[in-house]
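Colleague: need a structure here:
(chains A and B)
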Amino acid sequence: GAVVSQHPSWVICKSGTSVKIECRSLDFQATTMFWYRQFPKQSLMLMATSNEGSKATYEQGVEKDKFLINHASLTLSTLTVTSAHPEDSSFYICSGVAGGNTQYFGPGTRLTVL
Amino acid sequence: AQTVTQSQPEMSVQEAETVTLSCTYDTSESDYYLFWYKQPPSRQMILVIRQEAYKQQNATENRFSVNFQKAAKSFSLKISDSQLGDAAMYFCASPNFGNEKLTFGTGTRLTIIP
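Modeller: Numbering: from 1, shown residues only, chains lettered A, B, ... in the order given. As a prediction, the model looks like this:
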(Lines give C-alpha, C1' and ligand atoms only; values in the text may rest on other atoms or scores of the structure.)
Protein backbone atom coordinates (compact mmCIF):
# COMPACT_ATOMS: atom_id res chain seq x y z
CA GLY A 1 0.00 0.00 0.00
CA ALA A 2 0.92 3.65 -0.33
CA VAL A 3 2.88 5.26 2.48
CA VAL A 4 2.17 8.57 4.19
CA SER A 5 4.46 10.09 6.78
CA GLN A 6 3.60 12.71 9.36
CA HIS A 7 5.91 14.86 11.42
CA PRO A 8 6.18 15.40 14.29
CA SER A 9 4.55 12.42 15.93
CA TRP A 10 4.18 14.24 19.23
CA VAL A 11 4.47 17.91 20.08
CA ILE A 12 4.01 19.88 23.28
CA CYS A 13 3.71 23.64 23.08
CA LYS A 14 2.76 26.59 25.22
CA SER A 15 -0.57 28.31 24.88
CA GLY A 16 -0.47 31.09 22.29
CA THR A 17 2.24 29.58 20.12
CA SER A 18 1.84 28.09 16.65
CA VAL A 19 2.58 24.53 15.65
CA LYS A 20 3.17 23.14 12.15
CA ILE A 21 2.44 19.53 11.24
CA GLU A 22 3.75 18.08 7.99
CA CYS A 23 2.12 15.33 5.96
CA ARG A 24 4.04 13.68 3.11
CA SER A 25 3.10 11.05 0.60
CA LEU A 26 6.30 9.05 0.20
CA ASP A 27 5.66 6.83 -2.80
CA PHE A 28 2.76 8.43 -4.63
CA GLN A 29 1.53 11.84 -5.65
CA ALA A 30 -1.46 13.12 -3.76
CA THR A 31 -3.42 15.87 -5.45
CA THR A 32 -5.81 15.68 -2.54
CA MET A 33 -4.99 15.26 1.11
CA PHE A 34 -7.30 15.35 4.10
CA TRP A 35 -6.81 16.49 7.66
CA TYR A 36 -8.71 14.86 10.50
CA ARG A 37 -8.97 15.32 14.21
CA GLN A 38 -9.66 12.45 16.56
CA PHE A 39 -10.72 12.68 20.17
CA PRO A 40 -10.10 9.73 22.52
CA LYS A 41 -12.31 6.73 21.80
CA GLN A 42 -14.09 8.52 18.97
CA SER A 43 -14.14 8.31 15.22
CA LEU A 44 -12.27 10.58 12.84
CA MET A 45 -13.65 14.05 12.32
CA LEU A 46 -12.81 15.62 8.97
CA MET A 47 -11.41 19.12 9.34
CA ALA A 48 -10.47 20.10 5.81
CA THR A 49 -9.65 19.01 2.30
CA SER A 50 -6.26 20.08 1.01
CA ASN A 51 -5.85 20.40 -2.75
CA GLU A 52 -2.48 20.94 -4.39
CA GLY A 53 -2.21 24.42 -5.83
CA SER A 54 -5.48 25.73 -4.47
CA LYS A 55 -7.06 26.84 -1.24
CA ALA A 56 -8.15 24.28 1.28
CA THR A 57 -11.81 23.56 1.83
CA TYR A 58 -12.85 23.55 5.47
CA GLU A 59 -15.69 21.63 7.06
CA GLN A 60 -18.43 23.51 8.80
CA GLY A 61 -17.38 24.71 12.23
CA VAL A 62 -13.63 24.53 11.57
CA GLU A 63 -11.90 27.89 11.90
CA LYS A 64 -9.80 28.39 8.79
CA ASP A 65 -7.79 31.18 10.43
CA LYS A 66 -6.82 28.91 13.28
CA PHE A 67 -6.04 25.83 11.21
CA LEU A 68 -3.98 27.00 8.25
CA ILE A 69 -3.45 24.45 5.50
CA ASN A 70 -0.92 24.66 2.71
CA HIS A 71 -0.56 22.07 -0.05
CA ALA A 72 2.58 23.31 -1.75
CA SER A 73 3.41 20.20 -3.77
CA LEU A 74 1.95 16.89 -4.83
CA THR A 75 3.65 15.19 -1.90
CA LEU A 76 3.40 17.70 0.94
CA SER A 77 0.60 19.29 2.90
CA THR A 78 1.04 21.20 6.12
CA LEU A 79 -1.36 22.06 8.92
CA THR A 80 -0.47 25.00 11.15
CA VAL A 81 -2.38 25.42 14.38
CA THR A 82 -2.10 29.13 15.11
CA SER A 83 -2.25 30.61 18.59
CA ALA A 84 -2.85 27.17 20.04
CA HIS A 85 -4.88 26.80 23.22
CA PRO A 86 -5.45 23.80 25.49
CA GLU A 87 -8.73 23.00 23.75
CA ASP A 88 -6.76 22.41 20.53
CA SER A 89 -5.00 19.49 22.18
CA SER A 90 -5.92 16.42 20.17
CA PHE A 91 -4.71 13.74 17.79
CA TYR A 92 -4.37 15.04 14.22
CA ILE A 93 -4.24 12.63 11.28
CA CYS A 94 -3.66 13.31 7.62
CA SER A 95 -4.35 11.14 4.59
CA GLY A 96 -3.40 11.18 0.94
CA VAL A 97 -5.66 9.95 -1.85
CA ALA A 98 -4.17 7.36 -4.17
CA GLY A 99 -5.83 5.24 -6.86
CA GLY A 100 -9.43 4.12 -6.51
CA ASN A 101 -10.31 7.06 -4.28
CA THR A 102 -8.44 5.24 -1.54
CA GLN A 103 -7.11 7.22 1.40
CA TYR A 104 -3.85 6.21 3.02
CA PHE A 105 -3.20 7.63 6.43
CA GLY A 106 -0.24 9.07 8.22
CA PRO A 107 0.64 7.80 11.70
CA GLY A 108 -0.86 10.88 13.36
CA THR A 109 0.40 13.72 15.53
CA ARG A 110 -0.44 14.10 19.17
CA LEU A 111 -0.65 17.77 20.08
CA THR A 112 -0.60 18.86 23.71
CA VAL A 113 -1.03 22.54 24.46
CA LEU A 114 -0.07 23.62 27.96
CA ALA B 1 -26.32 13.70 5.15
CA GLN B 2 -24.37 10.58 4.38
CA THR B 3 -24.39 8.16 7.29
CA VAL B 4 -22.45 5.06 8.19
CA THR B 5 -23.72 2.88 11.00
CA GLN B 6 -21.71 0.36 12.94
CA SER B 7 -24.15 -1.12 15.43
CA GLN B 8 -21.60 -3.12 17.43
CA PRO B 9 -19.49 -0.85 19.66
CA GLU B 10 -17.54 -3.85 20.94
CA MET B 11 -16.97 -7.41 19.83
CA SER B 12 -14.80 -10.20 21.11
CA VAL B 13 -13.70 -13.44 19.54
CA GLN B 14 -11.63 -16.41 20.56
CA GLU B 15 -8.27 -16.68 18.85
CA ALA B 16 -8.48 -18.75 15.63
CA GLU B 17 -12.24 -18.28 15.42
CA THR B 18 -14.23 -16.21 12.93
CA VAL B 19 -15.95 -12.91 13.62
CA THR B 20 -18.14 -10.63 11.53
CA LEU B 21 -18.39 -6.87 11.99
CA SER B 22 -21.44 -5.18 10.57
CA CYS B 23 -21.80 -1.90 8.72
CA THR B 24 -24.64 -0.19 6.91
CA TYR B 25 -24.34 2.99 4.92
CA ASP B 26 -26.43 5.48 3.08
CA THR B 27 -25.35 6.92 -0.24
CA SER B 28 -27.05 8.19 -3.35
CA GLU B 29 -24.08 7.33 -5.56
CA SER B 30 -24.29 4.49 -8.05
CA ASP B 31 -20.60 3.77 -8.40
CA TYR B 32 -18.36 4.05 -5.38
CA TYR B 33 -15.84 2.37 -3.13
CA LEU B 34 -16.35 1.14 0.40
CA PHE B 35 -13.58 0.65 2.91
CA TRP B 36 -12.71 -1.04 6.17
CA TYR B 37 -9.85 0.44 8.17
CA LYS B 38 -8.34 -0.81 11.40
CA GLN B 39 -6.79 1.36 14.07
CA PRO B 40 -4.62 -0.60 16.53
CA PRO B 41 -3.37 0.92 19.80
CA SER B 42 -0.62 2.71 17.86
CA ARG B 43 -3.50 4.77 16.33
CA GLN B 44 -2.17 4.29 12.79
CA MET B 45 -5.13 3.90 10.43
CA ILE B 46 -4.52 0.87 8.23
CA LEU B 47 -6.54 -0.07 5.15
CA VAL B 48 -7.92 -3.57 5.62
CA ILE B 49 -10.02 -4.07 2.51
CA ARG B 50 -11.75 -2.15 -0.27
CA GLN B 51 -14.85 -3.02 -2.24
CA GLU B 52 -15.89 -1.52 -5.56
CA ALA B 53 -19.64 -1.16 -5.59
CA TYR B 54 -20.08 -2.08 -9.24
CA LYS B 55 -18.35 -5.41 -8.68
CA GLN B 56 -20.70 -8.19 -7.63
CA GLN B 57 -17.88 -10.33 -6.29
CA ASN B 58 -17.06 -9.77 -2.63
CA ALA B 59 -13.55 -8.54 -1.98
CA THR B 60 -11.09 -10.79 -0.16
CA GLU B 61 -7.67 -10.07 1.33
CA ASN B 62 -6.16 -13.15 2.94
CA ARG B 63 -8.15 -13.74 6.16
CA PHE B 64 -10.37 -10.71 5.59
CA SER B 65 -13.43 -10.77 3.38
CA VAL B 66 -16.56 -8.71 2.97
CA ASN B 67 -20.21 -9.50 2.48
CA PHE B 68 -21.41 -6.68 0.27
CA GLN B 69 -25.16 -6.35 -0.23
CA LYS B 70 -25.62 -3.32 -2.47
CA ALA B 71 -29.39 -3.19 -2.41
CA ALA B 72 -29.44 -3.41 1.36
CA LYS B 73 -26.47 -0.99 1.62
CA SER B 74 -24.73 -3.44 3.89
CA PHE B 75 -20.99 -4.01 4.02
CA SER B 76 -19.86 -6.44 6.70
CA LEU B 77 -16.30 -7.56 7.40
CA LYS B 78 -15.47 -11.17 8.17
CA ILE B 79 -12.20 -12.01 9.87
CA SER B 80 -11.26 -15.68 9.72
CA ASP B 81 -8.71 -17.43 11.92
CA SER B 82 -8.55 -14.42 14.24
CA GLN B 83 -5.11 -13.53 15.54
CA LEU B 84 -3.98 -11.47 18.51
CA GLY B 85 -2.71 -8.82 16.12
CA ASP B 86 -6.24 -8.29 14.83
CA ALA B 87 -7.19 -6.54 18.08
CA ALA B 88 -8.06 -2.98 17.11
CA MET B 89 -10.81 -0.48 16.40
CA TYR B 90 -12.38 -1.18 13.03
CA PHE B 91 -13.97 1.63 11.05
CA CYS B 92 -16.23 1.25 8.05
CA ALA B 93 -16.18 4.14 5.57
CA SER B 94 -18.31 5.12 2.60
CA PRO B 95 -18.06 7.98 0.09
CA ASN B 96 -19.41 11.38 0.88
CA PHE B 97 -21.33 13.05 -1.91
CA GLY B 98 -19.45 11.43 -4.74
CA ASN B 99 -16.09 12.97 -4.09
CA GLU B 100 -13.03 11.66 -2.37
CA LYS B 101 -14.27 12.48 1.12
CA LEU B 102 -15.22 9.60 3.34
CA THR B 103 -17.81 9.29 6.06
CA PHE B 104 -16.66 7.02 8.86
CA GLY B 105 -18.72 4.91 11.19
CA THR B 106 -18.33 5.14 14.95
CA GLY B 107 -16.14 2.05 15.03
CA THR B 108 -16.19 -1.42 16.53
CA ARG B 109 -13.61 -2.35 19.12
CA LEU B 110 -12.48 -5.93 18.52
CA THR B 111 -10.89 -7.91 21.32
CA ILE B 112 -9.15 -11.21 20.67
CA ILE B 113 -9.33 -13.72 23.50
CA PRO B 114 -6.25 -15.97 23.70
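Colleague: can we go C-alpha only for contacts and neighbour counts from here?
Modeller: Fine.
Colleague: for A:S83, helix, strand, or coil?
Modeller: coil (DSSP: H, G, I helix; E, B strand; the rest coil).
Colleague: looking at chain A, what residue ends up closest to chain B?
Modeller: Residue nearest to chain B within chain A: A:P107 (4.6 Å; Cα to the nearest Cα).
Colleague: would you list every one of the helices in chain B?
Modeller: For chain B, no helices are identified by DSSP state H.
Colleague: so where's it uncertain?
Modeller: Applying pLDDT under 70 to chain B flags the ranges B:1, B:97-99.
Colleague: of all of it, which residue lies closest to chain A?
Modeller: Distances between chain B and chain A by Cα to the nearest Cα are smallest at B:Q44, namely 4.6 Å.
Colleague: nearest residue to the middle of the chain?
Modeller: All of this refers to chain A. Within chain A, one residue has its C-alpha closest to the average C-alpha position: by Cα atoms, centre = their mean, that is A:W35, at 3.7 Å.
Colleague: that's the wrong chain, I wanted chain B
Modeller: So for chain B, Cα atoms, centre = their mean, it's B:W36, sitting 3.4 Å from the centre.
Colleague: what's the nearest residue to it if we skip its chain neighbours?
Modeller: B:C92 (4.6 Å; Cα to Cα, 6 or more residues apart in numbering or on different chains).
Colleague: I figured the one you found hits B:Q8, correct?
Modeller: No. With contact defined as Cα atoms under 8 Å, B:C92 does not count as touching B:Q8 (11.7 Å).
Colleague: before we move on, back to that, and the residue of chain B closest to chain A, what does it touch?
Modeller: B:Q44 is in contact with A:F105, A:G106, A:P107, A:G108, counting by Cα atoms under 8 Å, 6 or more residues apart in numbering or on different chains.
Colleague: shared neighbours of B:C92 and B:Q8, which are they?
Modeller: By the contact definition Cα under 8 Å, 6+ apart, B:C92 and B:Q8 are jointly contacted by B:G107.
Colleague: on that earlier part again, possible to save the contacts of B:Q44 as JSON lines with pLDDT, neighbour count and secondary structure?
Modeller: Formatted as JSON lines, those follow (pLDDT from 0 to 100; neighbours: other Cα atoms under 10 Å in any protein chain shown; DSSP: H, G, I helix; E, B strand; the rest coil):
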{"residue": "A:F105", "pLDDT": "97", "neighbour count": "27", "secondary structure": "strand"}
{"residue": "A:G106", "pLDDT": "97", "neighbour count": "26", "secondary structure": "coil"}
{"residue": "A:P107", "pLDDT": "97", "neighbour count": "23", "secondary structure": "coil"}
{"residue": "A:G108", "pLDDT": "97", "neighbour count": "28", "secondary structure": "coil"}
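Colleague: up against chain A, what does chain B have?
Modeller: Contacts of chain B with chain A, taken as Cα under 8 Å from any Cα of the partner chain, map to B:Y33, B:R43, B:Q44, B:M45, B:I46, B:L47, B:F91, B:E100, B:F104, B:G105, B:T106, B:G107.
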